[in-house]
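Asker: Would you be able to build a 3D model of this:
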Amino acid sequence: MTSARKRVIVGVTGTLTNLQALRVAADSARERDAVLYAIHVWETGNDLESMRATAHKPGVTTRLQLITQAFDEAMGGAPDDIDLRTVVVEGRPGYRLPRLAHLDTDLLVLGAGRPGRWTIPPTARQCLRQARCPILVVPAPEMARTTPTLARGRQGTRQLQRVIADWALTDKAA
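Answerer: All right, here's what the predicted structure looks like:
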């Protein structure tokens, strides 16, 4: 009897907190010698369509590019030392992710939502209720929690890159 390879499944949205979850998921895949599935759930309200039906819809390429961009922003590109699979599936994340992470050996990694909030976001709550595997909910990085201007999704990521670039320039000049 052959055993299935371990999987780490991470939802991808591209928010600042999600970029942290991507880094943690990649590290977890390395530690577990697992396949990393980066999944973007395309919210259309249709939870019943199969992944094959979603794959042929217009707009899937754009969503796959979102995954690529998220890896670029999180760690400078997709890790080449991990078996990485990118998936776009239609539906609601709180419904789809627990169904995709259905094996006991899976690990589902999610971002904790917007920085500065003390509550678990609805998607993570629904996944916690329905998942059959362990779930790791990753908080926002420290910088995102302490800097209000960075808590605005993609715009916050660009702002973070500018802050780091400014810091690097002023550090070398000193």
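
Asker: can you give me the strands for this protein?
Answerer: Assigned by DSSP state E, the chain shows strands spanning 7-11, 35-42, 84-90, 107-111, 135-138.

Asker: Out of these, flag the one nearest Pro98.
Answerer: strand 107-111 (7.1 Å; Cβ to Cβ). Glycine gets a C-beta too; all of them are placed from N, C-alpha and C.

Asker: Direction included, what does the closest one pair up with?
Answerer: strand 7-11 (parallel), strand 135-138 (parallel) (DSSP bridges).

Asker: Redo the ones you listed as TSV? Include mean pLDDT, distance to Val24 and mean neighbour count.
Answerer: Formatted as TSV, the strands paired with strand 107-111 follow (pLDDT from 0 to 100; distance: least, Cβ to Cβ, whole Å; neighbours: other Cβ atoms under 10 Å):
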stretch	mean pLDDT	distance to Val24	mean neighbour count
strand 7-11	95	8	26
strand 135-138	90	5	18
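
Asker: Let's have those strands in JSON lines, adding distance to Arg23.
Answerer: Formatted as JSON lines, those follow (distance: least, Cβ to Cβ, whole Å):
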{"stretch": "strand 7-11", "distance to Arg23": "10"}
{"stretch": "strand 135-138", "distance to Arg23": "8"}
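
Asker: These: which one's closest to Gln20?
Answerer: strand 135-138 (5.4 Å).

Asker: Tell me the spacing between the residue nearest to Ala124 when sequence neighbours are not counted and Gly14.
Answerer: Excluding its sequence neighbours, the residue lying closest to Ala124 (Cβ to Cβ, 6 or more residues apart in numbering) is Leu110, at 5.0 Å. Look at Leu110 and Gly14: by Cβ to Cβ, to the nearest Å, they are 14 Å apart.

Asker: Compare neighbour counts for these two and give me the winner.
Answerer: Leu110 (29 against 18; other Cβ atoms under 10 Å).

Asker: That one pairs with what?
Answerer: Val137.

Asker: Quick check: it touching Val8?
Answerer: No - between Leu110 and Val8 there is no contact under Cβ atoms under 8 Å: 11.6 Å.

Asker: thinking again about what came up before, who wins for proximity to Val87 among the strands paired with strand 107-111?
Answerer: strand 7-11 (9.0 Å).
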